[in-house]
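A.B. asks: structure of the sequence below:
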Amino acid sequence: MSPRDGRSSPRTVSPRTRSARPGSPRTLRARAAGLAPRTLRARLIAGLLVLLVVTCAAVGFATTAALRHFLVDRLDQQLAESGGRYAASLEHTGQGAGPDTRAQTPGTLGVRLLGGRVTAAGVVDGDADDTDGPDDQDDRITFTPAQQRVLAALPVGGPAGALDLGRVQGHYRVRAVAGRDGDVLVSGLPLRPAEDTVRRLETLELMVFAIAVVAAGAAGALWVRWSLRPLRRVVGMAERVSAMPLASGEVLLAERVPDDDPRTEVGRVGAALNRMLGHVGDALSRRHAVEARLRAFAADASHELRTPVAAVRGHAELALRHPGDVPAPVRHSLERIDAEALRMGAIVEDLLLLARLDAGRPLAEEEVDLTRIALNAVADARAAGPDHRWRLALPEEPVLLRGDEHRLSQVAANLLANARTHTPPGTEVRLQLERVGGQVELSVTDDGPGIAPELLDRVFERFVRGDRARSRATGSTGLGLAIVRAVVQAHGGRVDAASRPGRTVFTVRLP
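C.D. replies: Numbering: from 1, shown residues only. So this is what the prediction gives:
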């Protein structure tokens, strides 16, 4: 109802709403698309059956039409040969001569017309010995005005025509000839025997064609299934290749399509796939070799850098402990050397850890209390970032699992350090630990500004930083989250990140 005048407003229906009605063309097309076969084998079999049904229908229609035409021509020929004998016997019925039904086909029609009106008519019944006169009601017949008009319109001496005598007598072929007294004599033969013959043929054809379609469908299904075996082998090979871990590690693409005959369509597809798999295998081998060299270089370089970095730091600390007077600029330089050496040592240790994890070095496997790790990590984070608000949510029972305690502690510490480094003072950071099904979830949530969408997908990559223009005083190397992911994956788990302005969540799931 309208709030102003109380009258009901007309209901408007959008074009989309109208097109979504049950009987709309769009709905019918959607239903047809849902019922259509989807697999190639089903489409081939369906196409074969459709073609066979169309062919059988065309053959059946042609044969029945030809038979019907042939039988009608036979009736017309019989009418022409009979010369209207039965109708002529009706011409002088008033002079004591009854209609001659001898040697007449049962159902033969005879009609005498005078001045366009029916004066006598009869039909030969099924008894060949019947010689009753026209007064016998068995062979008398009456016509409707429409039927009389059809009879009167027949061309005298012309071709035969069709006459419908109703449900009892059925259809007739009738032909008119001139009588001796200026009248018109019409003879007719029933079409019922011809129609019965055509119907029997149609029934026989339906049975034969149904059996043929069923047999052809079964045989066609077997033939199509046998013919598509090479394609199924191609699909099986593609599925096996798609299940391989191609993203990392050494991959041996030994799978090949056995059907590579260039004379067939599937063979050409198989040959092309084999060439493609060869190229992909070469590319993966080269990539793995490059990655192996890079990992070896990172491990060797990190290992070799540990000693000189430690030496530089040791000399800086020794110089700072000199008992004599050290100028202020020199002391500041020595302090910066010590700080940068400490930072470089942390980077070297992180790179060495990542290189070891990439190489698949086994981690320690012992019973670890994640509850204690979470407590210690939050306590250390509170001491390192007193300007943040730290929250901790733990279950009532301790959370235990098997893993490397030192590396899992590093995961929690890195996540909290990442939240502290990239959020302003006063931000609330919450670490929560809980059991979810058969997994353990450790999540770190903050209400800071969030992560830029273009960086969210790459946040766990190495040397990715949220603020490239920030000062190096924060000590961030861009390796903390990469270490988190590597350690979690080494434990058989996964880590995810979700962010929007005012809420960022890092979730670690461990088995």
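
A.B. asks: which residues in this protein form strands?
C.D. replies: Counting by DSSP state E, the chain has strands at residues 109-114, 117-123, 161-164, 171-178, 184-190, 366-369, 389-393, 400-403, 428-436, 439-446, 494-500, 503-510.

A.B. asks: nearest to residue 43, of the ones you listed?
C.D. replies: Closest approach to residue 43 among the strands of the chain is made by strand 494-500 (40.7 Å; CB to CB). C-betas here are computed from N, CA, C, even on glycine.

A.B. asks: quick one on the thing from earlier: now the strands of the chain in a markdown table, with mean neighbour count?
C.D. replies: What follows is the strands of the chain, written out as a markdown table (neighbours: other CB atoms under 10 Å):
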| stretch | mean neighbour count |
| --- | --- |
| strand 109-114 | 23 |
| strand 117-123 | 19 |
| strand 161-164 | 16 |
| strand 171-178 | 21 |
| strand 184-190 | 25 |
| strand 366-369 | 14 |
| strand 389-393 | 15 |
| strand 400-403 | 16 |
| strand 428-436 | 17 |
| strand 439-446 | 20 |
| strand 494-500 | 16 |
| strand 503-510 | 20 |
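
A.B. asks: out of the ones you listed, nearest to residue 82?
C.D. replies: strand 184-190 (5.9 Å).

A.B. asks: got the strands of the chain as TSV, with mean pLDDT columns?
C.D. replies: Output for these, formatted as TSV (pLDDT from 0 to 100):
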stretch	mean pLDDT
strand 109-114	86
strand 117-123	83
strand 161-164	85
strand 171-178	87
strand 184-190	88
strand 366-369	90
strand 389-393	93
strand 400-403	90
strand 428-436	91
strand 439-446	92
strand 494-500	92
strand 503-510	93
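
A.B. asks: for the longest helix along the chain, packing partners?
C.D. replies: Longest helix in the chain, counting residues (DSSP state H): helix 265-320. Counting contacts by 3 or more CB pairs under 8 Å, 6 or more residues apart in numbering; DSSP states H and E, helix 265-320 packs against helix 229-242, helix 328-358.

A.B. asks: just those helices: most buried one?
C.D. replies: Among these, the stretch with the highest mean neighbour count (mean count of other CB atoms under 10 Å) is helix 328-358, at a mean of 16.

A.B. asks: avg pLDDT for it?
C.D. replies: Helix 328-358 shows a mean pLDDT of 78.

A.B. asks: could you give the angle of that helix to helix 265-320?
C.D. replies: For helix 328-358 against helix 265-320, the angle by axes from the mean of the first three to the mean of the last three CA atoms, to 10 degrees is 150 degrees.

A.B. asks: Serialize the strands of the chain to a markdown table and add fields for distance to residue 462.
C.D. replies: As requested, the strands of the chain are arranged in a markdown table below (distance: least, CB to CB, whole Å):
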| stretch | distance to residue 462 |
| --- | --- |
| strand 109-114 | 104 |
| strand 117-123 | 105 |
| strand 161-164 | 93 |
| strand 171-178 | 93 |
| strand 184-190 | 98 |
| strand 366-369 | 26 |
| strand 389-393 | 28 |
| strand 400-403 | 23 |
| strand 428-436 | 24 |
| strand 439-446 | 20 |
| strand 494-500 | 15 |
| strand 503-510 | 17 |
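
A.B. asks: among these, which comes closest to residue 460?
C.D. replies: The nearest among the strands of the chain, by CB to CB, is strand 494-500 at 7.0 Å.

A.B. asks: need the CA coordinates for that closest one. PDB is fine.
C.D. replies: The C-alpha coordinates for strand 494-500 follow below in PDB (Å, rounded to 0.1, in the frame of the first residue of the first chain):
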ATOM      1  CA  ARG A 494      50.600 -24.700   7.000                       C
ATOM      2  CA  VAL A 495      50.500 -21.000   7.800                       C
ATOM      3  CA  ASP A 496      48.000 -18.500   6.300                       C
ATOM      4  CA  ALA A 497      47.600 -14.700   6.500                       C
ATOM      5  CA  ALA A 498      44.500 -12.600   6.300                       C
ATOM      6  CA  SER A 499      44.400  -8.800   6.600                       C
ATOM      7  CA  ARG A 500      42.200  -5.800   6.300                       C
END
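
A.B. asks: check the offset of it from the chain's centre.
C.D. replies: 31 Å (CA atoms, centre = their mean, to the nearest Å).

A.B. asks: and for stretch 150-170?
C.D. replies: Distance, centroid of stretch 150-170 to centroid of chain: 61 Å (CA atoms, centre = their mean).

A.B. asks: next, the distance between the ends of it.
C.D. replies: Its start and end residues considered, stretch 150-170 measures 15 Å (CA to CA, to the nearest Å).

A.B. asks: for it, buried residues please.
C.D. replies: For stretch 150-170, burial by neighbour count (16 or more other CB atoms under 10 Å) applies to 150-151, 154, 160-161, 163, 165, 169.

A.B. asks: the longest helix of the chain to helix 229-242, inter-axis angle?
C.D. replies: 10 degrees.

A.B. asks: what's the mean pLDDT across helix 265-320?
C.D. replies: Mean pLDDT, computed over helix 265-320, is 76.

A.B. asks: circling back: looking at the helices and strands packed on helix 265-320, which is nearest to residue 40?
C.D. replies: Nearest to residue 40 among these is helix 229-242; the distance by CB to CB comes to 7.3 Å.

A.B. asks: picking that back up, now the helices and strands packed on helix 265-320 in TSV, with distance to residue 220?
C.D. replies: Shown next, in TSV, are the helices and strands packed on helix 265-320 (distance: least, CB to CB, whole Å):
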stretch	distance to residue 220
helix 229-242	15
helix 328-358	55
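
A.B. asks: which non-adjacent residue is nearest residue 190?
C.D. replies: Spatial nearest neighbour of residue 190, chain neighbours left out: residue 107 (4.0 Å); criterion: CB to CB, 6 or more residues apart in numbering.

A.B. asks: whoops, I mixed them up, residue 448
C.D. replies: residue 423 (3.3 Å).

A.B. asks: isn't the one you found up against residue 451?
C.D. replies: No - with contacts counted by CB atoms under 8 Å, residue 423 stays clear of residue 451, the gap being 10.7 Å.

A.B. asks: how distant is the longest helix of the chain from the center of its chain?
C.D. replies: 40 Å.

A.B. asks: next: stretch 55-69.
C.D. replies: Relative to its chain's centre, stretch 55-69 lies at 41 Å (CA atoms, centre = their mean).

A.B. asks: identify the residues contacting that stretch?
C.D. replies: Outside stretch 55-69, the residues that touch it by CB atoms under 8 Å, 6 or more residues apart in numbering are 194, 197-198, 201-202, 205-206, 209, 212-213.

A.B. asks: repeat the analysis, applying 6 Å as the threshold.
C.D. replies: 198, 201-202, 205, 209 (CB atoms under 6 Å, 6 or more residues apart in numbering).

A.B. asks: now stretch 357-372 - C-alpha only, PDB.
C.D. replies: Extracted in PDB, the C-alpha atoms of stretch 357-372 (Å, rounded to 0.1, in the frame of the first residue of the first chain):
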ATOM      1  CA  LEU A 357      65.300 -26.400   5.600                       C
ATOM      2  CA  ASP A 358      65.400 -26.200   1.800                       C
ATOM      3  CA  ALA A 359      67.900 -29.000   1.700                       C
ATOM      4  CA  GLY A 360      65.400 -31.200   3.700                       C
ATOM      5  CA  ARG A 361      67.600 -31.400   6.800                       C
ATOM      6  CA  PRO A 362      65.500 -33.300   9.500                       C
ATOM      7  CA  LEU A 363      64.400 -31.300  12.500                       C
ATOM      8  CA  ALA A 364      64.500 -32.500  16.100                       C
ATOM      9  CA  GLU A 365      61.500 -34.600  17.100                       C
ATOM     10  CA  GLU A 366      60.600 -34.500  20.700                       C
ATOM     11  CA  GLU A 367      57.600 -33.700  22.800                       C
ATOM     12  CA  VAL A 368      57.000 -30.000  22.800                       C
ATOM     13  CA  ASP A 369      54.800 -28.000  25.200                       C
ATOM     14  CA  LEU A 370      53.300 -25.200  22.900                       C
ATOM     15  CA  THR A 371      51.600 -23.600  25.900                       C
ATOM     16  CA  ARG A 372      55.000 -22.900  27.500                       C
END
